[in-house]
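S.K.: Can you look at this prediction? I've put the sequence above it.
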Amino acid sequence: MGAVGFVGLGAMGTPMVKRLLAAGHAVTAYNRTRAKAEALAPLGLRVAGSPREAAAVGDAILTMVTDSEALRRIADGPDGILAGLEPGAVWADMSTVSPAVSRAMGAEVAARGAAFLDAPVSGSAVTVEQGKLAYLVGGDPAALERIRPYLLAIGASITHMGPLGMAVTMKVALNLGIGVQLTAYAETVLLAEKAGISRERAVEAFLRSVLASPMLQYRSSFVLASPAEPLFDCVMMQKDLGLAMELGHAVGVPLPTTAIAHELLTAARAMGLGDRDCAAVFDVLARLSGRRGRVGEPQPQARRADT
């Protein structure tokens, strides 16, 4: 078993590290809130004092942060990952960031004699715990082979998408579907309810229809009661839709439904729902139609995760 560094112990990073430790890997991890790292020490985690320290422990470093800005924060400066990378090391970033930022980071890493992979994931914290996470990976195939054991200790599959930046490009394209599907689902249920069908019965009928995608199957109940902890909050969802629209503008692809979903999330934030699961678009539509939603009663069993 190998030694691996890890930065970012949020809703996704924490269960990822637990799986690495359970597989017998030696993990040294840094998190801005140190208590989150210290909570895993009884499982065998070594707590790093900086991203640089986490990067210097072995030939592999994994990162899972919120956005492009957060990636730059953990990379730069005397205590950043770039300062701690050894020649020949492989850094796989699992975050959903701008493809341009990913490629720029790859060039900086290469200048230090190391390799950078974009390795975003499809799934949630529940998926991680089940060992069913799916990886998309871009970059040098040889570097991927060196880091493959760590990725497969966390997830179930890896799809190599081609050169650096292609994996996160695919992830951005996939994630716009979450916002668009949730908007269409909210419209479906709200229309049925306003026409006289109970919301509960509308949800039941939807789940038995051909429209019930895996994502909507586990989010469908959120229009009945908001989860106590969001799987993917409105702010994060809007960030990903913004990345999709930025990419669409760059390559000349119109994304009209994505733009509408993005505006509904702007409305959700204006209504004070930014920290709710992105299924709060139902509440936005309900309020705009003059009928308040019932998404304020938490469901304690739900957990937050990056999708």
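M.R.: Received it, and whenever you're ready, just let me know what you need. Model, not experiment: these values are computed from the prediction.

S.K.: Just the buried positions in stretch 9-25, please.
M.R.: 9-21, 25 (16 or more other C-beta atoms under 10 Å). For glycine as for every other residue, the C-beta is placed from the backbone atoms N, C-alpha and C.

S.K.: now stretch 245-259
M.R.: For stretch 245-259, the neighbour count (16+ other C-beta under 10 Å) marks Met245, Leu247, Gly248, Leu255, Thr258 as buried.

S.K.: so how far is the first residue of it from its last?
M.R.: The first and final residues of stretch 245-259 sit 7 Å from each other (C-alpha to C-alpha, to the nearest Å).

S.K.: what's the spacing between it and its chain's center?
M.R.: Put simply, stretch 245-259 sits 20 Å off its chain's centre (C-alpha atoms, centre = their mean, to the nearest Å).

S.K.: can you list contacts of that stretch?
M.R.: Stretch 245-259 is contacted from outside by Ser98, Pro99, Thr169, Val172, Ala173, Leu176, Gly179, Val180, Thr183, Leu241, Ala244, His262, using C-beta atoms under 8 Å, 6 or more residues apart in numbering.

S.K.: Which among the residues you listed count as buried?
M.R.: Using 16+ other C-beta under 10 Å as the threshold, Ser98, Pro99, Thr169, Val172, Leu176, Gly179, Val180, Thr183, Leu241, Ala244, His262 are the buried ones among those.

S.K.: Give me the subset of those residues that lies in helices.
M.R.: Counted as lying in helices by DSSP state H, out of these, are Pro99, Thr169, Val172, Leu176, Gly179, Val180, Thr183, Leu241, Ala244, His262.

S.K.: Once you drop chain neighbours, what's closest to the fourth one?
M.R.: Closest residue in space to Leu176, ignoring its immediate chain neighbours: Ala244 at 4.0 Å, by C-beta to C-beta, 6 or more residues apart in numbering.

S.K.: how many other residues sit next to Arg199?
M.R.: Residues contacting Arg199 under the criterion other C-beta atoms under 10 Å number 17.

S.K.: What separation do you get for it and Gly24?
M.R.: 47 Å (C-beta to C-beta, to the nearest Å).

S.K.: okay, among the contacts of stretch 245-259, which ones form the most distant pair?
M.R.: Pro99 and Thr183 (24.4 Å; C-beta to C-beta).

S.K.: quick one, helices of the stretch 151-300 of the chain?
M.R.: For the stretch 151-300 of the chain, the helices defined by DSSP state H, counting those that start in this stretch occupy 166-194, 199-207, 214-219, 234-251, 256-270, 281-288.

S.K.: could you give the angle of the first one to helix 234-251?
M.R.: Orientation of helix 166-194 against helix 234-251 (axes from the mean of the first three to the mean of the last three C-alpha atoms, to 10 degrees) gives an angle of 120 degrees.

S.K.: Quick check: mean pLDDT of helix 166-194?
M.R.: Helix 166-194 carries an average pLDDT of 96.

S.K.: any low-confidence regions in this structure?
M.R.: Scanning the chain for pLDDT under 70 picks out 291-307.
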